[in-house]
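1. Got a predicted model here, sequence first, then my questions.
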Amino acid sequence: MVSVIKVEGVGRDFTVRKKVGRLRRNAFVVTAVTDLSFVVQRGEMVGYIGPNGAGKSTTIKMLTGILVPSTGELTVAGLTPSVERTELARKIGVVFGQRTTLWWDLPLRDSFELLRRIYRVPDPRFRTNMRTFSDLLDLGPLLDTPVRQLSLGQRMRGDIAAALLHDPEVVYLDEPTIGLDVVSKSNLRDFLRETNRERGTTVLLTTHDLDDIEQICSRVMVIDHGRLVYDGGLTGLHQLGGARRTLVVDLVEPAAALELPGAETVRVEGPRQWLSFPADASAAPLIADIAERHEVADLSIREPDIEAVIKQLYTNTSAWSSPPPFVE
Amino acid sequence: MASSLSAVGWNIRAYLLLARMWIRVSMTYRASFVTLTVGQFFITGLDYVGIAIMFSNVDTLAGFSFSEVAFLYGGSALCLGLADLVLGNIERLGTRIRMGTFDVMLVRPVSVFVQMCADEFALRRLGRITQAAGVFAWSITALDIDWTASRVAMLPYLVATGTVIFLAIFTLGAAVQFWTAESSELANAFTYGGSTLAHFPLTIYPREGIKALTFVIPLGFVNWYPSLFILDKPDPLGLPPAIQFAGPIAAALLSVLAAIVWRRGTRRYQSTGS
């Protein structure tokens, strides 16, 4: 395994000036990211999630060289981003979901052509990539349209193709599916998986859409209040933050709400009852208990909804992470 | 050294690539391009019309004849026009920072300075250049002076140093926006405003003004000092004649300053993120 991104003890503070009184302005230090450490291996697809203002964009900016870290060290593809920014630019691709990296007035085709020259993509490689992207992202009919006339979804496809045109080792996708319809989202995810498989491109994506994570990423990093609060597989995430599973029982006869140790009956509707229990506990003793008291017609278990898990995680971590965001 | 030379070569190539692309974009709306270019020709020409009207009432201005003032005007406007063509849109830096589109430039493998210079490269600025060059050329034919070899040689020297001085002032004005994003108007005061000051013989300004235009913001070196030599005029400050040839030194110093401020500005941006 080759590590492509190495982040060690990285922190980032901002000085913010606030008006106090008519002329006085006080400087506050705001910590955006604290003691961030992680390693990403070549070919990994990592989801980077967290609530607004948690430090996701700050991290991406440090990984691209836009921002210098206040503390700690980081390298991407063996380069120090803020120092070797232009060299690094050839090895990375960036998609800012909210704003395009394409030229507004240029037809998509010309934007790609210009990028080919700026990134010095060899001709045969450029042709192959263009063919692949046109196929997978269905860009063909859009190539002669100026970027400003494209819809959000079309523009995003263009942006993603643009970010991958020079075969970058690492791609950062900042909210790539924001504002896209269901079909475009699904196509985009297919494309990303395909690219990752074919080229071994390392992908780091930030998103608010947890489906993105579930469908693309094998690994999730959760950041909150500038700290990494979770780094691991999706399944592990379920167990974290006090997630609960739900047992749905259909009794033969309607009955009063069940009272069982280790479970909480959250809903009763005729013969059907919903019991919530910790995600890491086994459902077997619970089922045995119910079968002892009532005749059971049917059973099903619902896994915790990832969205709920994350929500839970955010509220929990907000409670533990003691440093206040403003330190004078 | 070889690698930094190739970096310079690459950045020039990248500049030309970007500029060419913007020219193509403007050519897709040919009618609007022609209108804008012609419009710029006439609008910037109004300054000259003003000077011409003034000279229909007076014969000389501070000892300078109409063709001599036209020579000063043409020199200053031509240098400004050339610098404006090369990097006029660098003044949009503040807007780009506010909009967040400066970040997009930072992830491309081309110097951000080059990208800012070439940003929306506007060939329509040839309107201003043609107008200024026209006045400059006419004044040269109209001047009643003996065109010795050294005077002729002074002409390209004037245009080259003057353009470099304006390039540096444009860059400085833009670089200040790394600290105060809203200061593009201030920058305009020095570039377009400075050029207007230099339309006239500096003798019409107070001595302190001339000193400021020599030692603080060296706009005097754009056209004034070379013109003293070409037009054989006395220096109102009585400085040694060598100052008439000191333009390249002033241009070099100002360029170095501009480069330092720009570099510190980008560093600051990378460390503040705003």
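-> All right, it came through fine.
2. The least confident helix or strand in chain B by mean pLDDT - contacts with which helices or strands?
-> When each helix and strand of chain B is scored by mean pLDDT, DSSP states H and E, helix B:184-197 comes last, with a mean of 85. Contacts defined by 3 or more C-beta pairs under 8 Å, 6 or more residues apart in numbering or on different chains; DSSP states H and E place helix B:184-197 against helix B:66-87, helix B:93-99, helix B:149-175. Heads up, the C-betas are built off the backbone N, CA and C, glycines and all.
3. would you turn those into JSON lines with distance to chain A?
-> As requested, the helices and strands packed on helix B:184-197 are exported to JSON lines (distance: least, C-beta to the nearest C-beta, whole Å):
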{"stretch": "helix B:66-87", "distance to chain A": "18"}
{"stretch": "helix B:93-99", "distance to chain A": "8"}
{"stretch": "helix B:149-175", "distance to chain A": "18"}
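4. Packed most tightly, which of these would that be?
-> When you average the neighbours per residue for each of the helices and strands packed on helix B:184-197 (mean count of other C-beta atoms under 10 Å in any protein chain shown), helix B:66-87 leads with a mean of 24.
5. helix or strand for whatever residue of the stretch 101-250 of chain B ends up closest to chain A, which one?
-> With C-beta to the nearest C-beta, the shortest gap between the stretch 101-250 of chain B and chain A falls at residue B:109, namely 3.9 Å. Assigned by DSSP states H and E, residue B:109 falls within no helix or strand.
6. how close does it sit to residue A:203?
-> Distance of residue B:109 to residue A:203, given as C-beta to C-beta, to the nearest Å: 20 Å.
7. okay, the two: which has more neighbours?
-> Neighbours were counted for residue B:109 and for residue A:203 using other C-beta atoms under 10 Å in any protein chain shown; residue A:203 has more, 22 against 18.
8. Residue B:133: neighbour count?
-> Counted with other C-beta under 10 Å, residue B:133 comes out at 17.
9. which stretch of helix or strand covers it?
-> Going by DSSP H and E, residue B:133 is part of helix B:126-142.
10. Now do the buried residues in that helix.
-> Within helix B:126-142, the residues that count as buried by 16 or more other C-beta atoms under 10 Å in any protein chain shown are B:127, B:128, B:129, B:130, B:131, B:132, B:133, B:135, B:136, B:139, B:140.
11. In contact with the third one, which residues?
-> By C-beta atoms under 8 Å, 6 or more residues apart in numbering or on different chains, residue B:129 lies in contact with B:78, B:81, B:82, B:85.
12. buried sites along stretch A:39-47?
-> A:40, A:43, A:44, A:45, A:46, A:47.
13. How about stretch A:7-16?
-> A:7, A:10, A:11, A:12, A:13, A:14.
14. Domain-wise, how is chain A divided?
-> Annotated domains of chain A cover A:3-238, A:244-303 [automatic domain parsing].
15. Give me the contact status of the longest one with chain B.
-> In other words, domain A:3-238. Yes: legend: contact between domain A:3-238 and chain B by C-beta under 8 Å from any C-beta of the partner chain is shown at A:14-15, A:58, A:61, A:64-68, A:82, A:85-87, A:89-90, A:92, A:94, A:96, A:98-101, A:103, A:105-106, A:110, A:114, A:117-119.
16. Only whichever of those are buried, select them in PyMOL.
-> Paste this into PyMOL to select the buried members of these, with burial taken from 16+ other C-beta under 10 Å:
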select buried, chain A and resi 14+58+61+64+65+66+67+68+82+85+86+89+90+92+94+96+100+101+103+105+106+110+114+118+119
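17. re earlier: most tightly packed of the domains of chain A?
-> Note that of the domains of chain A, domain A:3-238 is the most buried (mean count of other C-beta under 10 Å), with a mean of 18.
18. Return the residues in contact with residue B:163.
-> With C-beta under 8 Å, 6+ apart, residue B:163 has these contacts: B:79, B:82, B:83, B:86.
19. Identify, from the residues you listed, the entry nearest to residue A:182.
-> Taking C-beta to C-beta as the measure, residue A:182 lies nearest residue B:86 of the contacts of residue B:163, at 48.3 Å.
20. ok, residue 250 - contacts?
-> Defaulting to chain A. Shown in contact with residue A:250 (C-beta under 8 Å, 6+ apart): A:271, A:272, A:296, A:297, A:298, A:299.
21. oops, I was thinking of chain B
-> B:161, B:165, B:218, B:221.
22. Nearest residue to residue B:67 in space, please, no chain neighbours.
-> Leaving out its chain neighbours, the residue that sits closest to residue B:67 by C-beta to C-beta, 6 or more residues apart in numbering or on different chains is residue B:142, at 3.9 Å.
23. what residue ranges in the stretch 1-150 of chain B are flagged as low confidence?
-> For the stretch 1-150 of chain B, applying pLDDT under 70 flags the ranges B:1-3.
24. List, one by one, the residues from it near chain A.
-> B:14, B:17-18, B:21, B:24-25, B:99-101, B:103-104, B:106-111.
25. So which of these are in strands?
-> Using DSSP state E, no member of those falls in strands.
26. Narrow these to those that are buried.
-> Applying 16+ other C-beta under 10 Å to the residues of the stretch 1-150 of chain B next to chain A flags B:14, B:17-18, B:21, B:25, B:101, B:103-104, B:106-111 as buried.
27. Give me the subset of those residues that lies in helices.
-> Those of these mapping onto helices are B:14, B:17, B:18, B:21, B:25, B:103, B:104, B:106, per DSSP state H.
28. from memory the fourth one sits against residue A:112, does it?
-> Read it as residue B:21. No: Residue B:21 is beyond contact range of residue A:112, at 11.8 Å (criterion: C-beta atoms under 8 Å).
29. Let me see the contact set for residue B:71.
-> B:136, B:139, B:140, B:143, B:227, B:230, B:231.
30. Filter the residues of domain A:3-238 next to chain B down to the ones in helices?
-> Those of the residues of domain A:3-238 next to chain B lying in helices (DSSP H): A:58, A:61, A:64, A:85, A:86, A:87, A:89, A:110, A:114, A:117, A:118.
31. how much space between residue A:248 and chain B?
-> For residue A:248, the distance to chain B (C-beta to the nearest C-beta, to the nearest Å) stands at 47 Å.
32. show me what contacts residue B:109?
-> So residue B:109 contacts A:86, A:87, A:89, A:90, A:118, A:119 (C-beta under 8 Å, 6+ apart).
33. rerun at 10 Å
-> Contacts for residue B:109 were tallied using C-beta atoms under 10 Å, 6 or more residues apart in numbering or on different chains; they are A:85-92, A:118-120, A:166, B:10, B:14.
34. And for residue B:269, nearest residue in space, chain neighbours not counted?
-> According to C-beta to C-beta, 6+ apart, the nearest residue to residue B:269 is residue B:178 (5.5 Å).
35. what does residue A:60 give?
-> residue A:172 (5.2 Å).
36. That neighbour touches residue A:88, doesn't it?
-> No: using C-beta atoms under 10 Å, residue A:172 and residue A:88 do not qualify as a contacting pair, with a distance of 11.5 Å.
37. Now do the shared contacts for the two.
-> In contact with both residue A:172 and residue A:88: A:63, A:64, A:76, B:107, using C-beta under 10 Å, 6+ apart.
38. So for residue 233, what's the pLDDT?
-> All of this is about chain A. Residue A:233 carries a pLDDT value of 86.
39. wrong chain, I was asking about chain B
-> Value listed for residue B:233 in the pLDDT field: 93.
40. mind listing what it touches?
-> B:62, B:63, B:64, B:68, B:201, B:203, B:224, B:227.
41. Right, I'll leave it there.
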